[in-house]
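Visitor: let's see this in three dimensions:
(2 chains)
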Number of protein chains: 2
Amino acid sequence: MKAIAVEPGAGVPEIVERPVPEPATGDALVRVCRVGVDGTDYEVIEGSHGGTPAGDDRLILGHEAVGIVEDANGTSLEEGQYVVPTVRRPPAGAETNEYFERGEPDMAPEGEYVERGILGAHGFMAEYVTSPADSLVPIPDELAPWGFLVEPISISEKALQHARATRSAFDWEPESALVLGNGSLGLLTVAMFTTTLGYDRVYCLGRRDRPDPSIDVIERLGATYVDSRETPVSEIATAYEPMDVIYEATGYAKHAFESIDALAPNGVAALLGVPGDWSFEVDGGRLHRELVLHNKALVGSVNSNRTHFEAATETLAALPDEVLEAIVTGIYGLDAVDRAFPEITANVAAAGHGSSERVEDDTPIKTAVEFAPI
Amino acid sequence: MKAIAVEPGAGVPEIVERPVPEPATGDALVRVCRVGVDGTDYEVIEGSHGGTPAGDDRLILGHEAVGIVEDANGTSLEEGQYVVPTVRRPPAGAETNEYFERGEPDMAPEGEYVERGILGAHGFMAEYVTSPADSLVPIPDELAPWGFLVEPISISEKALQHARATRSAFDWEPESALVLGNGSLGLLTVAMFTTTLGYDRVYCLGRRDRPDPSIDVIERLGATYVDSRETPVSEIATAYEPMDVIYEATGYAKHAFESIDALAPNGVAALLGVPGDWSFEVDGGRLHRELVLHNKALVGSVNSNRTHFEAATETLAALPDEVLEAIVTGIYGLDAVDRAFPEITANVAAAGHGSSERVEDDTPIKTAVEFAPI
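Guide: Residues are numbered from 1 along each chain as shown, chains lettered A, B, ... in the order given. Purely as a prediction, here's the structure:
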């Protein structure tokens, strides 16, 4: 079968040939349909995040997948059922550990997990994958075309659940939300805030000129685009309004600190970006005082667990198709896989020529690779 | 009657003569017994925090009080009952607002409250005070001698409740706690961690040489003293262990940021200090990444509400007398009020001479003023 693998740091994914995997006891065999591409994939490709399984010099990419059960292999899954795999698995050699046993692998510390397609375990960009059945989350057939969005939405489900938890010791009725970052994860989260979470006022920060398809999505959702070149995060509270919730998906470290100023009293900022080392000056005294005197909170969030995938499936069902169509700017077959990685300028060693994209736009927002039709 | 007032910024509190207040409808008249002194009082005295009521050039100090109901004035309180007053009240001219209506004045933003003895309302360092009956929390007679500790303990009850809330979206069983600061609030919180909260391993950071009574209290409680001059906060995780909970009561702004490194994965730091402006460099990229990849949280906390005073009363009942005796190093009558403010080098204009202290130590930890015997 064909798979998309990368030698981390090599900078270019390539199509490789691998044997179809055999499901072990408790595993099902899944025929992969579509796999989304996100910023983490680019970090893995450039070698700044993640790593290969021990003894392998290449990693099969992909952690945002939807597929169809090909062989249930005696598990409780049904053949022909669409499923979305979760990402974390116990580390090599371990059957499980306390975090997996209680269904919270997303809270496992370093060394207690691998991540398929990211760190120490092959991902889902392959024609077939195997997975423990309890790490495959069934989704309704009608959602299958968008099923590769369940994983990124699950990331926001977890982050916002944890953000809300930080405010659970008092009566909190948030009305305003600010999303930092207008990439696909930012836009999906804007859609959650305006659509399923019912926030009155939603803002999304980016640094793009109009016309831009991400700004179109923001405004179509009834949210307000904030250009960070005109209004830095630290000035948003005065230029717009103080925010009850901030969702940071830029990985720009100054945003984590500037968020404290952008928050309303009793507000919370959920941090999701993974920046590299970067030293800079902050008015630490003022920020510390702000956190205390206005009961503010910051909460970091990484990964997600099965409950978040289930919540994400419900969220996905509630998001309007036209919004999803605007966010997903390209779905490409293996014969045009280079176009699924538009941030890589070098060419991907593609299997063929031509193009099988379903949707296309000049400025890509979210892309996916298609391995089998839905 | 006699009261202790300050002209903020003058640097020295003085004993003043004031009329005994008349309770309005819904208020009770309380004969004040004891009022604790804390760091906030010194900030008010030096003029760096708080302020007088409109139209007054002096503020009666004191927000950590215990007294006895002298005139219930038709309220549901009983005369002779010991009570502890809460601190926040609606701003001048307002009967109430949404925060007070739902019993959460501690979550009110600036402008929506005054604080007795701190900001815009006279405090409890007077022979008599009036207060709405629902802001007077009854405590058992046997706790009355220590009743002035209910307010500071309530501050920790709230901070730790909010810290725990931040971790309520997953299964969290904290075992290790670090208290930053070995002042009276820090020591009371160490006592809470070791005694009522049942933490296995508790650490307390200070910068004092042995022998020192605060270090004695820490070790008597079974906790470990960490000298910040030998082990900075950023090195505690490696020198001792990563901490599930950090409680910051130093007001030293770098601690807020260094806490991120000292936390264990999935840990939370509660911030309580109120530093002034202070710019310094941080490795913001690394701290941001740490928060995200290890699901860490920071939560600011200020003030407390009636539910926290009630919880604090139960906590106080559970703390061993010998620990309280070691923390409270001096209780002084009006004739020795200068000794209740040991951090003020200038002399207080005291009403008389001599000394009525009940407990004394060379190095003061916690002091209180006694207005009436218990």
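
Visitor: can I get the helix or strand harbouring A:H162 in PDB, CA atoms only?
Guide: Using DSSP states H and E, A:H162 sits in helix A:150-166. The C-alpha coordinates for helix A:150-166 follow below in PDB (Å, rounded to 0.1, in the frame of the first residue of the first chain):
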ATOM      1  CA  VAL A 150     -13.100  15.800  14.100                       C
ATOM      2  CA  GLU A 151      -9.500  15.700  15.500                       C
ATOM      3  CA  PRO A 152      -8.800  19.400  15.200                       C
ATOM      4  CA  ILE A 153     -12.200  20.300  16.600                       C
ATOM      5  CA  SER A 154     -11.600  17.800  19.500                       C
ATOM      6  CA  ILE A 155      -8.500  19.900  20.400                       C
ATOM      7  CA  SER A 156     -10.700  22.900  20.800                       C
ATOM      8  CA  GLU A 157     -13.300  20.900  22.700                       C
ATOM      9  CA  LYS A 158     -10.700  20.000  25.300                       C
ATOM     10  CA  ALA A 159      -9.100  23.400  25.500                       C
ATOM     11  CA  LEU A 160     -12.500  25.100  26.000                       C
ATOM     12  CA  GLN A 161     -13.600  22.400  28.500                       C
ATOM     13  CA  HIS A 162     -10.500  23.100  30.500                       C
ATOM     14  CA  ALA A 163     -10.900  26.900  30.200                       C
ATOM     15  CA  ARG A 164     -14.500  26.600  31.400                       C
ATOM     16  CA  ALA A 165     -13.400  24.400  34.300                       C
ATOM     17  CA  THR A 166     -11.000  27.100  35.500                       C
END
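
Visitor: give me the mean pLDDT for the helix or strand that it is followed by.
Guide: Downstream of helix A:150-166, the next assigned helix or strand under DSSP H and E is strand A:176-180. In this model, strand A:176-180 has an average pLDDT of 98.

Visitor: with stretch A:106-122 instead?
Guide: pLDDT averaged over stretch A:106-122 gives 97.

Visitor: can I get the CA coordinates of it in PDB?
Guide: In PDB, the C-alpha atoms belonging to stretch A:106-122 read as follows (Å, rounded to 0.1, in the frame of the first residue of the first chain):
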ATOM      1  CA  ASP A 106      -4.300  13.700  26.800                       C
ATOM      2  CA  MET A 107      -3.100  14.300  30.400                       C
ATOM      3  CA  ALA A 108      -0.200  11.900  30.200                       C
ATOM      4  CA  PRO A 109       3.200  13.500  30.800                       C
ATOM      5  CA  GLU A 110       6.100  13.100  28.400                       C
ATOM      6  CA  GLY A 111       7.300   9.600  28.100                       C
ATOM      7  CA  GLU A 112       3.900   8.100  29.000                       C
ATOM      8  CA  TYR A 113       2.600   8.200  25.400                       C
ATOM      9  CA  VAL A 114       3.400   8.200  21.700                       C
ATOM     10  CA  GLU A 115       1.400  10.200  19.200                       C
ATOM     11  CA  ARG A 116       0.400   8.600  15.900                       C
ATOM     12  CA  GLY A 117       1.800  10.600  13.000                       C
ATOM     13  CA  ILE A 118       3.700  13.000  15.300                       C
ATOM     14  CA  LEU A 119       5.900  11.300  17.900                       C
ATOM     15  CA  GLY A 120       7.200   7.700  18.000                       C
ATOM     16  CA  ALA A 121       4.300   6.000  16.200                       C
ATOM     17  CA  HIS A 122       3.300   5.900  12.500                       C
END
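
Visitor: show me which positions of it end up buried.
Guide: By 16 or more other Cβ atoms under 10 Å in any protein chain shown, the buried positions in stretch A:106-122 come out as A:106-108, A:112-122. Backbone N, C-alpha and C define where each C-beta goes, glycine included.

Visitor: residues of stretch A:237-257 that come out buried?
Guide: Within stretch A:237-257, the residues that count as buried by 16+ other Cβ under 10 Å are A:237, A:240, A:242-257.

Visitor: just to revisit the earlier point, tilt between the helix holding A:H162 and strand A:176-180?
Guide: For helix A:150-166 against strand A:176-180, the angle between stretch directions is 130 degrees (axes from the mean of the first three to the mean of the last three Cα atoms, to 10 degrees).

Visitor: and A:L271, bridged to which residues?
Guide: A:E248, A:G300 (DSSP bridges).

Visitor: residues contacting it?
Guide: The contact partners of A:L271, taken as Cβ atoms under 8 Å, 6 or more residues apart in numbering or on different chains, are A:248, A:256, A:259, A:298-301, B:288, B:291-292.

Visitor: just the closest of these to A:P23, please.
Guide: Among those, A:S301 lies closest to A:P23 (Cβ to Cβ), at 31.8 Å.

Visitor: mind pulling up the pLDDT for the closest one?
Guide: 98.

Visitor: again with the one 4 residues further on
Guide: Residue-level confidence at A:N305 comes out at 98, pLDDT.
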